[in-house]
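with the sequence up front, the predicted model follows.
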Amino acid sequence: MLTKVDDVETLMLDMGARAKAAARILATASSNSKNAALLAMADAVEADLAVILDANTEDLERARTNGLGPAILDRLTLTEGRVEAIAGALREVAELPDPVGSVVTEWERPNGLRIRRVRTPLGVVGVIYESRPNVTADAGALCLKAGNAVILRGGSDSSASSGAIHASLTKGLAKAGLPVDAIQLVPVSDRAAVGHMLTGLAGAVDVIVPRGGRSLVERVQSEARVPVFAHLEGLCHLYIDGRADLGMAVALAVNSKMRRTGVCGATETILVDRAVAHTHLVPVLAALAEKGCEIRGDEAVRDLYPQGLPAHPKDWETEYLDAIVSVAVVDGVEGAIRHIERYSSHHTEAIVTDDEAAATRFLTGLDSAILLHNASTQFADGGEFGFGGEIGIATGKMHARGPVGVEQLTSFNYRVLGTGQTRP
């Protein structure tokens with residue numbers, strides 16, 4: 001549970017110093033010791049199941065009292081299955097290859113010098129997130145595997161759950177003989193703690209990863225004095241092309257929107273090629289409505305599906321995180337690209353089509369971090385990519401893009417091996 005303290009700055013600077021010291025140890029820790037810690041963390045999470053669920057019940061009761069909506073409640077909720085999935089993800093990260101020290105590429109110069117580009121840890125990662133207590137474990141595990149220390153600042157709405165999960169993680173670190181300061185959770189509710197993290201804690205923090213709503217990400221981007229892996233809102237699109245199989249279009253639309261409406265990979269806008277609007281639109285929207293989804297459509301959509309509500313300009317730029325979808329009819333793949341380029345957050349977009357040329361045009365004509373052909377947008381997830389989890393989906397273009405997993409949490413240096421060469 002988050003608390004109040006009198007001197008937030010001193011607290012945060014101390015956390016930064018301890019994280020930096022832990023990072024120096026992790027940078028040379030063996031793969032075996034990191035994996036042992038991850039496996040011990042998984043065991044501890046399973047052993048602490050009742051404690052974690054009790055803590056989550058406390059968070060959910062407070063969230064309902066505060067009037068939080070269903071999308072946030074879904075993100076916040078832990079079940080026995082979801083806690084088991086957290087433990088499973090920890091074990092999956094342990095099975096991943098250790099990126100630290102791996103040679104990305106190497107070559108030899110005419111003078112005999114051998115040059116290697118080698119993966120190295122980033123150092124100390126600051127993660128600021130909202131609502132999702134599972135991020136506590138995902139971020140801690142991925143940073144540890146990549147040889148980084150991490151300072152976690154979760155949201156107040158998930159403070160009890162995150163605290164319980166963090167306690168399990170520190171048990172795993174201690175059992176494996178690694179510093180417990182490698183994974184720290186900010187214990188205060190004061191928003192000033194975030195501000196201090198964004199300044200870099202006197203040089204301790206090497207990168208910040210924000211994971212939350214637009215207001216959080218915009219604050220981080222404007223105030224941070226260290227590099228940021230931005231996780232912007234997931235304004236994701238699904239385009240149903242003129243050569244789309246109808247059965248596939250229906251299945252993908254329902255899954256992309258309704259599997260879990262509160263995740264960042266949930267489709268928020270569906271675009272339908274005018275060429276198949278008369279055949280595909282009504283079955284797709286009827287299937288969504290049957291699942292409880294509210295339809296907001298443009299004029300062409302409502303002409304064919306009068307049950308839909310009018311879509312307003314704001315709808316095209318809204319991440320609902322709820323059982324609501326905006327729908328528009330567009331003129332082919334070029335119309336879809338124009339719409340997406342205007343409104344997308346560059347997170348995830350998908351096309352449904354049997355036309356390889358249309359698919360290629362869509363995949364090459366857009367600039368989003370994740371692009372899918374004939375697959376649900378809900379695959380925008382580090383675990384589904386085989387990363388064992390993710391800290392977030394980076395929507396920027398520098399260093400990390402898409403799911404931020406173990407490899408994205410490393411940097412590199414060049415190691416030049418000689419035999420006594422001097423430069424003429």
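Done, it's in. Numbers count the residues shown, from 1 in each chain.

okay, now the domains of the chain?
According to automatic domain parsing, the chain comprises the domains 8-231+391-416, 236-379.

save those as CSV, and put in mean neighbour count, mean pLDDT and distance to residue 422 too.
Placement of C-beta: from N, CA and C, glycine included. Formatted as CSV, the domains of the chain follow (neighbours: other CB atoms under 10 Å; pLDDT from 0 to 100; distance: least, CB to CB, whole Å):
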stretch, mean neighbour count, mean pLDDT, distance to residue 422
domain 8-231+391-416, 20, 93, 9
domain 236-379, 19, 97, 45
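
JSON lines for these, including distance to residue 424?
Listed next are these as JSON lines, based on distance: least, CB to CB, whole Å:
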{"stretch": "domain 8-231+391-416", "distance to residue 424": "9"}
{"stretch": "domain 236-379", "distance to residue 424": "45"}
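
mind giving me the packing neighbours of the top helix by length along the chain?
Using DSSP state H to define each element, the chain has its longest helix at helix 8-26. Helix 8-26 sits against strand 124-129, strand 149-153, strand 183-185, helix 192-199, with contacts defined as 3 or more CB pairs under 8 Å, 6 or more residues apart in numbering; DSSP states H and E.

now the ones you listed in TSV, with distance to residue 387?
Formatted as TSV, the helices and strands packed on helix 8-26 follow (distance: least, CB to CB, whole Å):
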stretch	distance to residue 387
strand 124-129	15
strand 149-153	16
strand 183-185	18
helix 192-199	24
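
indicate which one of the ones you listed is closest to residue 243.
strand 124-129 (40.0 Å; CB to CB).

CA atoms only: put the next helix or strand after the closest one into PDB for me.
Heading C-terminal from strand 124-129, the first helix or strand you meet, by DSSP states H and E, is helix 134-145. The C-alpha trace of helix 134-145 is given here as PDB (Å, rounded to 0.1, in the frame of the first residue of the first chain):
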ATOM      1  CA  ASN A 134       0.900  -7.800 -13.400                       C
ATOM      2  CA  VAL A 135       3.300  -5.100 -14.800                       C
ATOM      3  CA  THR A 136       5.100  -5.300 -11.500                       C
ATOM      4  CA  ALA A 137       6.200  -8.900 -12.300                       C
ATOM      5  CA  ASP A 138       6.600  -8.400 -16.000                       C
ATOM      6  CA  ALA A 139       8.800  -5.400 -15.600                       C
ATOM      7  CA  GLY A 140      10.800  -6.800 -12.700                       C
ATOM      8  CA  ALA A 141      11.500 -10.100 -14.600                       C
ATOM      9  CA  LEU A 142      12.400  -8.600 -17.900                       C
ATOM     10  CA  CYS A 143      14.700  -6.000 -16.400                       C
ATOM     11  CA  LEU A 144      16.400  -8.600 -14.300                       C
ATOM     12  CA  LYS A 145      17.000 -11.000 -17.200                       C
END
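
helix 134-145 - contacts with which helices or strands?
Against helix 134-145 (3+ CB pairs under 8 Å, 6+ apart) you get helix 31-47, helix 80-95, strand 124-129, strand 149-153, helix 159-175, strand 183-185.

return the angle between stretch directions for the first one and helix 134-145.
Between the direction of helix 31-47 and that of helix 134-145, the angle (axes from the mean of the first three to the mean of the last three CA atoms, to 10 degrees) works out to 160 degrees.
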